[in-house]
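**Student:** Sharing a model prediction with you, sequence too.
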Amino acid sequence: MAGNLKIVTDDTFDEEVLKNDKPVLVDFWAEWCGPCRQIAPSLEAIAAEHGDKIEIVKINIDENPGTAAKYGVMSIPTLSVYQGGEVTKVIVGAKPKAALLRDLDEYIAE
């Protein structure tokens, strides 16, 4: 389901996300979430095109409820951008790729 995107867990979140030098977009998702599946191809495409500037990872909230609870994720998909260990942007709900790119422009602009 995750395709080419890295999977993070409650155990690896600090190391993979909070301590990352690049901005990291975290896709909080679940298997049963239709909109989560809808945006997955867009996220994979953005990762392929802009992976040098932003890392995109996925965390399954059913398997890793601790991180979702810690960051107050109430609905999915929630896409949170972490930079320097802090949440710098939150995008809630499924959006088309073009809208996601606009939302992420400050992180991926040349």
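**Tutor:** Arrived safely, thanks for sending.
**Student:** quick one: contacts of stretch 82-94?
**Tutor:** 17-20, 23-24, 26, 35-36, 38-39, 71, 75, 77-81, 100, 103-104, 106-107 (C-beta atoms under 8 Å, 6 or more residues apart in numbering). Glycine gets a C-beta too; all of them are placed from N, C-alpha and C.
**Student:** Next secondary structure element downstream of whatever helix or strand residue 90 lives in?
**Tutor:** Here residue 90 sits within strand 86-92, counting by DSSP states H and E. Proceeding N to C from strand 86-92, the next assigned helix or strand is helix 97-103, under DSSP H and E.
**Student:** so what does that following helix touch, helix or strand wise?
**Tutor:** Where contact means 3 or more C-beta pairs under 8 Å, 6 or more residues apart in numbering; DSSP states H and E, helix 97-103 is packed against helix 34-50, strand 86-92.
**Student:** Given the shortest one, what are its sheet partners and their directions?
**Tutor:** Sheet pairing of strand 86-92 (DSSP bridges) gives strand 78-83 (antiparallel).
**Student:** What residues of the strand it pairs with count as buried?
**Tutor:** Buried residues in strand 78-83, counted by 16 or more other C-beta atoms under 10 Å: 78, 79, 80, 81, 82, 83.
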